[in-house]
Every structure is written in C-alpha cells, then in structure tokens.
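Visitor: Any chance you can model this:
(one chain, ligands or ions: 2)
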Amino acid sequence: MMLDSLRDGLQSAIKKLVGSNMVDENVVKEFIRDLQRALIQADVNVRIALQTTERVQKRALEEKPAGGVTRKDQIVSILYEELSSLLGKEGGVPIDKGRTNVFVMLGVQGSGKTTTTGKLARLFSKRGFRVGVVAADTFRPGAVTQLRTLAGFSGVEVFSDEKQKDSIAVAKEGKKYFEGTKNVIIIDTAGRHKEEKGLLQEMKGIVEAVKPDYSVLVIDGTIGQQCFNQALAFHQASPIGGIIVTKLDGAAKGGGALAAAAATGAKIFYIGTGERIDDLEEFQPTRFVGRLLGMGDIKALIEMVQQAGVEVDGKKVQRMMSGKLTMDDLLEQFEQMKKFGSLKKIVEHVPGFADAMKTQDLDKAEDRVKVYKSIIQSMTKVEREDPDRINASRVKRIAVGSGRTDKDVRELLARYKQTKNLMKASKGREFRNMMKRMGAQ
Ligand SMILES: Nc1nc2c(ncn2[C@@H]2O[C@H](COP(=O)(O)OP(=O)(O)OP(=O)(O)O)[C@@H](O)[C@H]2O)c(=O)[nH]1
Ligand SMILES: [Mg+2]
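Guide: Ligands and ions are numbered 1, 2, ... in the order given. As a prediction, the model looks like this:
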C-alpha cells in the first residue's frame, strides 16, 4: 500500500509519545529522533527532515496547549501542521476559460509524462474544457502512437508532425495550431536523451519557445531520495511551476514527494495512483499527511473531543484496565460516548479500535443505552459493583424490576463481559490510548 513505510514510522513515533506517562523534554526529544528516523528512512531529504523536526521540537517545547487540549494531542497536531505546510497548498490547477492555458510536461525518461498527459487531458475534458495535446517527443519511437491511444480515451485531438525532428519546432507548431480554439493545451516532451544535460537544454528551449502557463515536472514517486536532486536540477534549468508525482500506488515510500516539493518550492498539483487513465488524484496535503499519520483526520478528532467536553478520570480508567469494571462504569462509558453523536465516527479515527469492537455492536450500543440504563437502575449496589454475581434468579428479578426481558438483561451482562475482556486484552492498549487522547493523562 501507498506510503506504508513513512506511515508506519510516524505512527510508531506517535504511539510511543501517546503511551508515555508524562511529556517532558526528554520525551519530546526522543519523539523528534523517532520522527527524524521515520522521515529519513522514507526517503525524505535529510536536510528537510532535520529542518522540519527542529521546528516541531521548538514549537512542542515552547507552545502551551490551548485549554482542553492535552500536551500529547498538541504535539501531534504541531507535527500535522508542519508536515502539511511542507507540502504546500491544496492541489489541482485552476483553468481560466477566457484564454488558452498551456502546460508543458517535463521529466526524465519513464517518469510518466506521456501517461500523465493522457490522464490530464481526460480530466480537463471531463470538466468541460476543450483540450488539445501536442506530441513533442521526437526522440522515442512510438511516442506519437502512445499519445494518440491515450488521448483517444477521451476523444482529445492530438497534434503531431512526424517529419519534424526538432522537438522545439513541434512544440511551437502545436501551440500555434491549437491556440484560440482550445482552453487547454498539453505538450508532451521527450524524456529520453543521450545525456541529462541535453535533456535539460531541450526542456529549457521548449519552455522559452512556448512560454507555458505551467511547467509541470512529472516525477516518479518510487525513486526515493533521488527525487530531491532530480527536482532541483530541473528547477535550476528552468523554474518549475507545479509537480505531479506518479506511481504512488505501488511500493512508493512517498517521502520523495515531500522532497520534490521542498526542492522546488512548487505545489504538487496531482498524484498518479495507477496505470489506468483515471488514476489521477488532486493532491490534498492534509489528507496526505493524515494518511501518513494513519489516524484519519487527527484535527477532526481533537476538535470532536473538545466539543464533546468529555472528561475522563485517569485513575478510573486504570482501574477498569486492570479488569475491575462495574456496571456504573459501563453505563458512564455508554453515556459519554453518546455525547459524540456517533460512536462509529470516533471509532473511524482510532486505528485498531474499529477491529476490537464490531461496528454492529456499537450501533446496537447506541440504541440500547436506554434499555441498559433502566436495567442497571434495577440492580442492587452489590450487583452493580460486582456483576459477576448475577445468577439466573437475579436476572429474572432485575428483568421484572426494570420492565425488560430476561434476554435484555443477559445481553447487558454479555456486553459487560465483552468490554471487560476487551480492556484486559492486549487490544485494550488501543482503547487506553484513545482514552488518553480524550484527556485522561
Ligand atoms: N503504477 C503506475 N504506473 C504508472 C503511473 N504513471 C505512469 N506509469 C507507468 O510508467 C511507465 C512509463 O510511463 P510513460 O508515460 O511512458 O513515461 P514517460 O515519462 O512518457 O517516458 P518517456 O517518454 O520514455 O520519457 C508506463 O508503463 C506507465 O504505465 C502511475 O501513476 N502508476
Ligand atoms: Mg513519453
């Protein structure tokens, strides 16, 4: 899966932070070291990794958490902000319908220029723009045919001039041919060259000749560390206006995308997520980072917790974790969770928790809280504190007293046992972390 390595590294750093007893300077510093390791292992440029983590460390040590936010949540959200800002603004390219928007696709051999030209042409024409593509790769045999096939998927017109061997001339002719009648012109260029210098020179020549609105660098997301230097070399030869990172569907570590963006200062417009014509996604930094951190949208979780104003007593949580769970605890838990509106919504934000509890159980819990409440109110104090004592005859008495059925009472007891076991089991760790994130330090 996409970005696995970076995600695992960041997640385990966060888990360690969240699981620590108290957040002091040493814990923060260790967290920073874990982050650096995770970023560097995922091919983020070393300098960028250090700069980013230093900023996280400085802010984590200096900034005071806002009311209701724990220090741990605050540090995670600082990380989230810093990683998002490294990636720049939301992706996508605004198309001005009042004129012709010219794109030149640049990048080394095999990075995905021609494929991405086809994908972009499709995307823009689906949005109702008139699109023309120019086959300015005069180097690679079959380049024109490849482009014609791809453009054919969306009925987009292709300009080519097989007799012309000068790619700069073809780019110019193509632009002239489409100018005025199309909203978008996409020029595909050659990536193959005898040497890199020649490639960069040709690219510079094309950019100077057609003066595109967008010089788009197409970069292969699987090449890792090299992304940074490659992007920098292109950017120095001719300023890059936007980036498309391809092949983020495979084993790509994803850190390369961060590196390319950092090297050029350019926005990532789109990411390629497969070989098919529709496998192009608008780049969304917050979602990208959310995926990296593996917690869905952490900000949303923090906000939800703040809004709900849930207060969790740490001592109580610990007692429950050790297996001493009372019916009142259970009831309290049901009610607090109800405050969030939807249990499922919380669960989606907490990795591991969704597996630990089945969603249908959660659904049922929401509907059943009222029933459970009336049953618990019919229990004696002893029964509430030690529900294991409730035998068949007590079940009958409680059912009659609460006006519910025996089956309801047994269901509650089963829920009780399930929760108790869940807390004791190793998966209880996830639950404990969640409780901690909710404010139980
Ligand atoms: N899995 C996957 N494969 C991709 C993606 N984008 C491109 N490819 C594949 O990468 C290979 C090279 O793509 P091209 O579009 O031909 O690359 P190019 O940059 O035009 O290459 P040259 O013309 O030789 O410079 C092809 O096999 C594509 O199918 C992507 O997002 N995901
Ligand atoms: Mg090509």
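Visitor: For Asn229, pull up the helix or strand it's in.
Guide: With elements taken from DSSP states H and E, the one containing Asn229 is helix 226-237.
Visitor: just how off-centre is the very next helix or strand once past that helix within its chain?
Guide: The helix or strand immediately downstream of helix 226-237 is strand 242-246, counting by DSSP H and E. Its chain's average C-alpha position is 17 Å from that of strand 242-246, according to C-alpha atoms, centre = their mean, to the nearest Å.
Visitor: Any residue of the helix holding Asn229 touching ligand 1?
Guide: No - contact of helix 226-237 with ligand 1 (C-beta under 6 Å from any ligand atom) is absent, the minimum separation being 12.4 Å. All C-beta spots, glycine's among them, are computed from the backbone N, C-alpha and C.
Visitor: packing partners for that helix?
Guide: helix 196-210, strand 214-220, helix 255-264 (3 or more C-beta pairs under 8 Å, 6 or more residues apart in numbering; DSSP states H and E).
Visitor: How about that helix, which residues are buried there?
Guide: Buried residues in helix 226-237, counted by 16 or more other C-beta atoms under 10 Å: Gln226, Cys227, Phe228, Gln230, Ala231, Leu232, Phe234, His235, Ala237.
Visitor: Quick one, which of the helices and strands packed on helix 226-237 gets closest to ligand 2.
Guide: Ligand 2 lies closest to strand 214-220 among the helices and strands packed on helix 226-237, at 9.3 Å (C-beta to the ion).
Visitor: What mean pLDDT does stretch 101-119 get?
Guide: Averaging pLDDT along stretch 101-119 gives 96.
Visitor: Of the helices and strands packed on helix 226-237, which stretch is the most buried?
Guide: Of all those, helix 255-264 carries the top mean neighbour count, a mean of 27, counting by mean count of other C-beta atoms under 10 Å.
Visitor: quick one, that helix and strand 214-220 angle?
Guide: If you take axes from the mean of the first three to the mean of the last three C-alpha atoms, to 10 degrees, helix 255-264 sits at 150 degrees to strand 214-220.
Visitor: now the angle from helix 255-264 to strand 242-246?
Guide: 160 degrees.
Visitor: And for helix 255-264, what's in contact with it?
Guide: 6, 39, 42-45, 48, 83, 86-88, 217, 219, 221-232, 234-235, 240, 243, 245, 248, 267-268, 271, 288 (C-beta atoms under 8 Å, 6 or more residues apart in numbering).
Visitor: Ok, stretch 159-179 next?
Guide: With C-beta under 8 Å, 6+ apart, stretch 159-179 has contacts from 100, 102, 104, 132-139, 144, 147-148, 157, 185, 187, 189-190, 202, 205-206, 209-210.
Visitor: Can you get me a residue count around Asp166?
Guide: By other C-beta atoms under 10 Å, 14 other residues sit near Asp166.
Visitor: Wait, Ala13 touches Leu35, no?
Guide: Yes - using C-beta atoms under 8 Å, Ala13 is in contact with Leu35, at 5.3 Å.
Visitor: pLDDT weak spots in the chain?
Guide: Scanning the chain with the threshold set as pLDDT under 70 gives 1-5, 66-69, 87-91, 194, 250-255, 258, 286-323, 334-367, 422-441.
Visitor: Quickly find the element holding the residue of it most remote from its centre.
Guide: Centroid-distance maximum for the chain: Ser393 at 53.1 Å, with C-alpha atoms, centre = their mean. In the assignment (DSSP H and E), Ser393 maps to helix 392-402.
Visitor: what's in contact with that helix?
Guide: Against helix 392-402 from outside (C-beta under 8 Å, 6+ apart): 374-375, 377-379, 383, 390, 405-406, 408-410, 413.
Visitor: 7 Å instead?
Guide: Ser374, Ile375, Gln377, Ser378, Met379, Glu383, Thr405, Asp406, Asp408, Val409, Arg410 (C-beta atoms under 7 Å, 6 or more residues apart in numbering).
Visitor: Redo these as CSV? Include secondary structure and neighbour count.
Guide: Shown next, in CSV, are the contacts of helix 392-402 (DSSP: H, G, I helix; E, B strand; the rest coil; neighbours: other C-beta atoms under 10 Å):
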residue, secondary structure, neighbour count
Ser374, helix, 15
Ile375, helix, 25
Gln377, helix, 13
Ser378, coil, 16
Met379, coil, 21
Glu383, helix, 18
Thr405, coil, 14
Asp406, helix, 13
Asp408, helix, 19
Val409, helix, 26
Arg410, helix, 14
